[in-house]
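In: Take this sequence and fold it.
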Amino acid sequence: MGQHLARLWRYGLLLSRQRHVAEDLVQATCVRALERAGQFVPGTRMDRWLLSILHSIWLNEVRARRVRQGQGLVDAESQLSFDGEHAAQTHVRAAQVIRRVDALPEAQRETVYLAYVEGLSYREVAEVLQVPVGTVMSRLAAARVKLAEYPPLHAVPNPSSGERR
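Out: Numbering: from 1, shown residues only. This is a model prediction of the structure:
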């Protein structure tokens with residue numbers, strides 16, 4: 001399980017947008033995985049199973065927060081903040097991409113992360129998110145359309161030459 005901790009943490013951070021919450025999600029995922037180790041099917045991918053557990057814990061947390069606050073649906077955008085604005089100059093392009101992906105609706109953002117960052121197949125993404133494969137495909141298509149609406153990324157200036165690269 002240890003080899004999957006970094007991936008779990010990244011996914012937890014993507015969902016929660018807070019480091020301490022991501023750490024709590026990973027810890028809860030590990031505990032639940034150990035408690036339910038008998039449910040793991042040998043021959044299947046453990047990373048996919050762990051990501052599914054983390055996703056389930058996150059959904060339960062969002063639902064519990066909604067109940068505690070006495071609200072209907074919780075808008076994750078308004079409830080959580082992300083500290084990615086302080087990226088170093090050498091990471092400007094990456095920060096621009098992150099901001100654009102971060103602006104996607106949560107369902108599209110999760111789907112983009114699992115498919116393009118974690119490299120899961122559409123079927124695997126569908127299993128993690130517990131949605132049909134067609135939903136995964138339409139979320140990715142909608143995300144690509146939304147991301148294509150942005151202007152081209154700004155080049156990062158090369159301080160040694162004064163040129164843009």
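
In: Which residue ranges make up the domains of the protein?
Out: Listed domain ranges for the chain are 1-82, 85-152 (source: automatic domain parsing).

In: any chance of those in a markdown table, with mean neighbour count and mean pLDDT too?
Out: C-beta here means a position set from N, CA and C on the backbone, and glycine is covered the same way. Converted to a markdown table, the domains of the chain look like this (neighbours: other Cβ atoms under 10 Å; pLDDT from 0 to 100):
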| stretch | mean neighbour count | mean pLDDT |
| --- | --- | --- |
| domain 1-82 | 15 | 81 |
| domain 85-152 | 15 | 83 |
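
In: ranges for the helices of the chain?
Out: In the chain, the helices defined using DSSP state H lie at 5-16, 19-35, 46-69, 76-79, 92-102, 106-112, 122-129, 133-148.

In: quick one, the last one and helix 122-129 angle?
Out: Going by axes from the mean of the first three to the mean of the last three Cα atoms, to 10 degrees, helix 133-148 is angled at 100 degrees with respect to helix 122-129.
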